[in-house]
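>>> When you get a sec, could you give me coordinates for this:
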Amino acid sequence: MELTVPDLSQGPRGPLTVSLAANRCVPDLVSRLKSVLSTHPGTTEVRLQLLGPARVTTLKLDDGLRVSVTISLVADLKELLGAGCVSG
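As a prediction, this is how the structure comes out:
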């Protein structure tokens with residue numbers, strides 16, 4: 001008998017969650033975030049998690065902003081939003 005393990009390294013990923021303090025969600029930062037996401041196109045869904053003092057709101061971003069999760073993308077997001085802004 002022979003066993004073959006499928007290569008799932010390029011398969012679907014769970015959504016990428018980007019966290020941001022709600023009070024930092026201003027048009028300039030949103031525009032810069034959109035630009036970063038647009039430079040890393042792919043198939044992974046992106047969710048924006050807005051952290052407020054009383055609650056957390058999670059938004060599913062438009063399918064046009066799906067990304068390819070790479071080290072470069074994570075580095076760009078951390079540079080824009082700070083360490084700990086990415087999960088998923």
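>>> what's the weakest-modelled helix or strand in this protein?
The helix or strand of the chain with the lowest confidence, counting by mean pLDDT, DSSP states H and E, is strand 86-87 at a mean of 89.
>>> What strands flank that strand, and is each parallel or antiparallel?
strand 16-21 (antiparallel) (DSSP bridges).
>>> Let me know the next secondary structure element after the strand it pairs with.
Later in the chain than strand 16-21, the nearest helix or strand by DSSP states H and E is helix 27-38.
>>> Quick check: the most centrally placed residue in the chain vs residue 79, distance?
By Cα atoms, centre = their mean, the mean C-alpha position of the chain lies nearest to residue 16, the distance being 3.8 Å. For residue 16, the distance to residue 79 equals 16 Å [Cβ to Cβ, to the nearest Å]. C-beta here means a position set from N, CA and C on the backbone, and glycine is covered the same way.
>>> can you check residue 38 too?
16 Å.
>>> same deal with residue 22?
For residue 22 relative to residue 79 (Cβ to Cβ), the value is 21 Å.
>>> Compare these two and say which is more crowded by neighbours.
residue 22 (14 against 11; other Cβ atoms under 10 Å).
>>> which residues does that one contact?
Taking Cβ atoms under 8 Å, 6 or more residues apart in numbering, we find residue 22 in contact with 50, 51, 52, 57.
>>> Show the pLDDT at the first one.
Which is residue 50. Listed pLDDT for residue 50 reads 97.
>>> Same question for residue 6.
Residue 6 is given a pLDDT of 51.
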